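> Sequence first, then the predicted structure, then my questions.
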Amino acid sequence: MVVGILHIELSLTSPTSLKEKRRILKGLMDRLRGRFNISIAEVDHQDSWQRASLAVAHVSNHSDPVYRVLSQVMNFIEREGEIVVLDYTIELR
């Protein structure tokens, strides 16, 4: 069994409040869950309305599908207009 974890540091350009930030992130996370078989959560910067840290997890029997899914998640997030990716890491265990 291989577990893949994607850590993403984000900057949000449009929100002017925590409520707006949460709306944007909830929509993004719902779309990601619906499109990919992943678990996702906001793990840091909950009180900042311009920053976010997300953790994404995916499990499979082999490392190739895990890496492919996490890379597709990254590509999906990078195409979002209101979000700028500051940094990310992918770990396979």
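Right, received. Where do you want to start?

> For the helix or strand residue 76 falls within, give the mean pLDDT please.
Per DSSP states H and E: residue 76 is located in helix 63-78. For helix 63-78, mean pLDDT rounds to 97.

> now that helix: how far from the chain's centre is it?
10 Å (Cα atoms, centre = their mean, to the nearest Å).

> roughly how far apart are residue 92 and residue 34?
24 Å (Cβ to Cβ, to the nearest Å). Where you see a C-beta, it was placed from the backbone N, CA and C, and this is true even at glycine.

> Which SSE is immediately downstream of the helix holding residue 76?
strand 83-92.

> Give the pairing partners of that following strand; include direction for each.
Strand 83-92 has the following strand partners under DSSP bridges: strand 2-12 (antiparallel).

> List the contacts of the strand it pairs with.
Strand 2-12 has contacts (Cβ atoms under 8 Å, 6 or more residues apart in numbering) with 21, 24-25, 43, 49-63, 66-67, 69-70, 73-74, 77, 82-93.

> do stretch 50-57 as well
3-13, 15, 21, 25, 29, 32, 38-45, 70, 73.

> Now that stretch: buried residues?
Of the residues in stretch 50-57, 52, 53, 54, 56 count as buried by neighbour count, 16 or more other Cβ atoms under 10 Å.

> quick one: the helix or strand where the third one lies to strand 2-12, angle?
Following DSSP H and E, the helix or strand that holds residue 54 is strand 51-60. Strand 51-60 and strand 2-12 are oriented at 160 degrees to each other (axes from the mean of the first three to the mean of the last three Cα atoms, to 10 degrees).

> in its sheet, what does strand 51-60 sit against?
strand 2-12 (antiparallel), strand 39-44 (antiparallel).

> what is the mean pLDDT for that strand?
98.

> by how many degrees do it and helix 63-78 diverge?
150 degrees.

> How far does strand 51-60 sit from its chain's centre?
On Cα atoms, centre = their mean, the centre of strand 51-60 falls 5 Å from that of its chain.

> likewise stretch 43-57?
Worked out by Cα atoms, centre = their mean, stretch 43-57 lies 9 Å from the chain centre.
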